[in-house]
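*Asks:* need the 3D shape of this:
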Amino acid sequence: MESIYSVADAINEFNPVANLWDVAAYAFTGKDRFGNKMSQGQAYLKAAVVLPIGKIGGSGINMFKSLTAKFGPGYSSVSVMQGKYMGIEVGQKLNQLSPGVWSKVYEAGTLNGAKVETHYFYNATTGEYANPFIKWSGWGSFNH
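*Replies:* Okay, here's the model as predicted:
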């Protein structure tokens with residue numbers, strides 16, 4: 001059960017609704033939605049995450065050199081499915097940022113021992129990852 005909470009917490013770290021809830025709770029109580037004490041700096045950071053900064057005047061694409069750079073050292077890959085499943089606009093944006101051979105990847109992995117499914121774009125030429133995110137806990141696409 002502990003690992004399920006750690007996965008949910010990792011997902012909520014990037015969830016704008018959860019961050020907005022924390023900011024609102026801080027404004028009234030000085031604590032987050034779970035009752036944990038927050039500093040003003042933490043509240044400002046959570047408020048900043050709610051705004052889609054990457055999509056304002058930018059590409060909206062976040063690049064990483066590795067998946068552990070995004071998810072931390074507790075992440076490991078178990079199985080991968082990939083293909084050329086992306087729209088022309090996305091492919092053009094990716095090639096503008098990092099020219100190469102891009103593919104859409106669906107990956108079964110573990111995060112701190114819990115099963116997670118991650119989705120991202122991978123550049124086989126440079127080894128870069130674009131917009132990796134945890135789709136859900138468990139291996140949904142891998143159960144079919």
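
*Asks:* could I get the full set of strands for this protein?
*Replies:* If DSSP state E is used as the criterion, the strands of the chain fall at 63-64, 75-83, 102-111, 114-123, 128-137.

*Asks:* okay if I get those strands as a markdown table plus mean neighbour count and mean pLDDT?
*Replies:* Any C-beta I mention is one placed from the backbone N, CA and C, and that applies to glycine too. Converted to a markdown table, the strands of the chain look like this (neighbours: other Cβ atoms under 10 Å; pLDDT from 0 to 100):
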| stretch | mean neighbour count | mean pLDDT |
| --- | --- | --- |
| strand 63-64 | 16 | 92 |
| strand 75-83 | 13 | 91 |
| strand 102-111 | 19 | 92 |
| strand 114-123 | 20 | 92 |
| strand 128-137 | 18 | 89 |
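
*Asks:* so which of those is nearest Trp21?
*Replies:* Smallest distance to Trp21 across the strands of the chain (Cβ to Cβ): 19.0 Å, for strand 128-137.

*Asks:* could you give the angle of that closest one to strand 102-111?
*Replies:* Here strand 128-137 runs at an angle of 50 degrees relative to strand 102-111 (axes from the mean of the first three to the mean of the last three Cα atoms, to 10 degrees).

*Asks:* please name every helix or strand in contact with strand 128-137.
*Replies:* helix 2-12, strand 63-64, helix 67-71, strand 102-111, strand 114-123 (3 or more Cβ pairs under 8 Å, 6 or more residues apart in numbering; DSSP states H and E).
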